[in-house]
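# Model the structure of this input:
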Amino acid sequence: MRKTLSAVFAILALSLAPPAAAVGGHDHTPKHGGVVAEVKDFDLELVVTTDRVRLYLRDHGNPVKLDGANAKVTLLAETEKVEVNLTPVGGALEAKGSFKAGKGVKAVAVVSLPGKAPLTARFALK
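The predicted structure follows:
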(Lines give C-alpha, C1' and ligand atoms only; values in the text may rest on other atoms or scores of the structure.)
Protein backbone atom coordinates (compact mmCIF):
# COMPACT_ATOMS: atom_id res chain seq x y z
CA MET A 1 0.00 0.00 0.00
CA ARG A 2 2.82 2.40 0.86
CA LYS A 3 4.53 1.83 -2.50
CA THR A 4 1.26 2.50 -4.31
CA LEU A 5 0.66 5.66 -2.30
CA SER A 6 4.23 6.82 -2.97
CA ALA A 7 3.78 6.23 -6.70
CA VAL A 8 0.53 8.21 -6.69
CA PHE A 9 2.21 11.15 -4.95
CA ALA A 10 5.16 11.01 -7.36
CA ILE A 11 2.82 11.14 -10.36
CA LEU A 12 0.85 13.98 -8.79
CA ALA A 13 4.04 15.94 -8.06
CA LEU A 14 5.23 15.55 -11.66
CA SER A 15 1.90 16.66 -13.06
CA LEU A 16 1.99 19.82 -10.93
CA ALA A 17 5.61 20.67 -11.76
CA PRO A 18 6.24 23.92 -13.66
CA PRO A 19 6.86 23.60 -17.41
CA ALA A 20 10.43 23.04 -18.60
CA ALA A 21 10.66 26.64 -19.80
CA ALA A 22 10.31 27.83 -16.22
CA VAL A 23 12.94 25.41 -14.97
CA GLY A 24 15.77 26.30 -17.34
CA GLY A 25 14.56 25.74 -20.90
CA HIS A 26 13.28 28.58 -22.99
CA ASP A 27 9.73 29.66 -23.59
CA HIS A 28 8.20 28.64 -26.93
CA THR A 29 4.94 30.57 -26.59
CA PRO A 30 4.07 33.07 -29.34
CA LYS A 31 4.98 36.67 -28.47
CA HIS A 32 3.41 38.32 -31.53
CA GLY A 33 0.18 36.38 -32.05
CA GLY A 34 1.61 33.89 -34.55
CA VAL A 35 2.61 30.25 -34.53
CA VAL A 36 6.02 29.07 -33.29
CA ALA A 37 8.32 26.38 -34.63
CA GLU A 38 11.55 25.42 -32.89
CA VAL A 39 14.59 24.77 -35.10
CA LYS A 40 17.85 23.93 -33.37
CA ASP A 41 18.06 26.56 -30.58
CA PHE A 42 15.94 29.08 -32.48
CA ASP A 43 12.24 29.85 -32.15
CA LEU A 44 10.68 31.10 -35.37
CA GLU A 45 7.33 32.81 -34.99
CA LEU A 46 5.33 33.29 -38.16
CA VAL A 47 2.58 35.91 -38.28
CA VAL A 48 0.48 36.04 -41.45
CA THR A 49 -2.22 38.64 -42.04
CA THR A 50 -4.02 39.44 -45.27
CA ASP A 51 -1.53 42.23 -46.06
CA ARG A 52 1.72 41.17 -44.37
CA VAL A 53 3.96 38.21 -43.53
CA ARG A 54 6.30 38.60 -40.56
CA LEU A 55 8.81 36.16 -39.15
CA TYR A 56 10.30 36.78 -35.71
CA LEU A 57 13.41 34.92 -34.57
CA ARG A 58 14.53 34.21 -31.01
CA ASP A 59 17.67 32.41 -29.86
CA HIS A 60 17.17 30.94 -26.38
CA GLY A 61 14.38 33.46 -25.84
CA ASN A 62 16.38 36.49 -27.02
CA PRO A 63 15.64 38.40 -30.26
CA VAL A 64 18.09 37.65 -33.09
CA LYS A 65 19.94 40.46 -34.86
CA LEU A 66 18.68 40.41 -38.43
CA ASP A 67 21.41 42.40 -40.18
CA GLY A 68 22.12 40.54 -43.43
CA ALA A 69 19.33 38.01 -42.84
CA ASN A 70 16.57 37.06 -45.27
CA ALA A 71 13.91 34.41 -45.60
CA LYS A 72 11.72 32.78 -48.18
CA VAL A 73 8.26 31.73 -47.04
CA THR A 74 6.01 29.47 -49.09
CA LEU A 75 2.32 29.75 -48.18
CA LEU A 76 -0.01 26.90 -49.13
CA ALA A 77 -3.75 27.62 -48.98
CA GLU A 78 -5.91 24.89 -50.53
CA THR A 79 -4.58 24.72 -54.10
CA GLU A 80 -2.88 28.12 -54.03
CA LYS A 81 0.89 28.37 -53.53
CA VAL A 82 2.57 31.73 -52.90
CA GLU A 83 6.28 32.29 -52.40
CA VAL A 84 7.41 35.50 -50.73
CA ASN A 85 10.83 36.91 -49.87
CA LEU A 86 11.21 38.53 -46.45
CA THR A 87 13.76 41.18 -45.51
CA PRO A 88 14.58 42.82 -42.17
CA VAL A 89 12.12 45.49 -41.01
CA GLY A 90 12.47 46.50 -37.38
CA GLY A 91 12.71 43.35 -35.27
CA ALA A 92 11.31 40.94 -37.86
CA LEU A 93 11.73 39.66 -41.38
CA GLU A 94 8.79 41.02 -43.35
CA ALA A 95 7.01 41.25 -46.69
CA LYS A 96 3.91 43.21 -47.65
CA GLY A 97 1.33 42.10 -50.18
CA SER A 98 -1.92 40.19 -50.37
CA PHE A 99 -1.96 36.83 -48.58
CA LYS A 100 -4.31 34.09 -47.47
CA ALA A 101 -4.28 33.92 -43.69
CA GLY A 102 -5.88 31.83 -40.99
CA LYS A 103 -6.82 28.26 -40.26
CA GLY A 104 -5.89 25.72 -42.90
CA VAL A 105 -2.96 27.70 -44.32
CA LYS A 106 0.37 25.92 -44.13
CA ALA A 107 3.76 27.52 -44.55
CA VAL A 108 7.40 26.60 -44.97
CA ALA A 109 10.10 29.13 -44.09
CA VAL A 110 13.76 28.96 -45.06
CA VAL A 111 15.82 31.51 -43.15
CA SER A 112 19.36 32.58 -44.00
CA LEU A 113 21.42 34.18 -41.24
CA PRO A 114 24.99 35.35 -41.91
CA GLY A 115 27.54 32.71 -40.92
CA LYS A 116 24.94 30.05 -40.07
CA ALA A 117 23.40 27.10 -41.88
CA PRO A 118 19.91 27.82 -43.24
CA LEU A 119 17.00 27.16 -40.90
CA THR A 120 13.89 25.44 -42.27
CA ALA A 121 10.60 25.42 -40.38
CA ARG A 122 7.06 24.24 -41.12
CA PHE A 123 3.94 25.93 -39.78
CA ALA A 124 0.20 25.28 -39.69
CA LEU A 125 -1.68 28.54 -39.11
CA LYS A 126 -4.53 28.64 -36.61
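# by contact count, what packs against the helix or strand harbouring residue 111?
Per DSSP states H and E, residue 111 falls inside strand 106-112. Contacts defined by 3 or more CB pairs under 8 Å, 6 or more residues apart in numbering; DSSP states H and E place strand 106-112 against strand 42-49, strand 52-59, strand 70-77, strand 119-124. The C-beta positions use only the backbone N, C-alpha and C, and glycine is treated the same way.
# Quick one: distance of it to the chain centre.
Chain-centre distance of strand 106-112: 10 Å, with CA atoms, centre = their mean, to the nearest Å.
# so what strands line up beside that strand?
Strand pairing for strand 106-112, using DSSP bridges, gives strand 70-77 (antiparallel), strand 119-124 (antiparallel).
# Run the angle between the first one and strand 42-49 for me.
It stands for strand 70-77. In terms of direction (axes from the mean of the first three to the mean of the last three CA atoms, to 10 degrees), strand 70-77 departs from strand 42-49 by 50 degrees.
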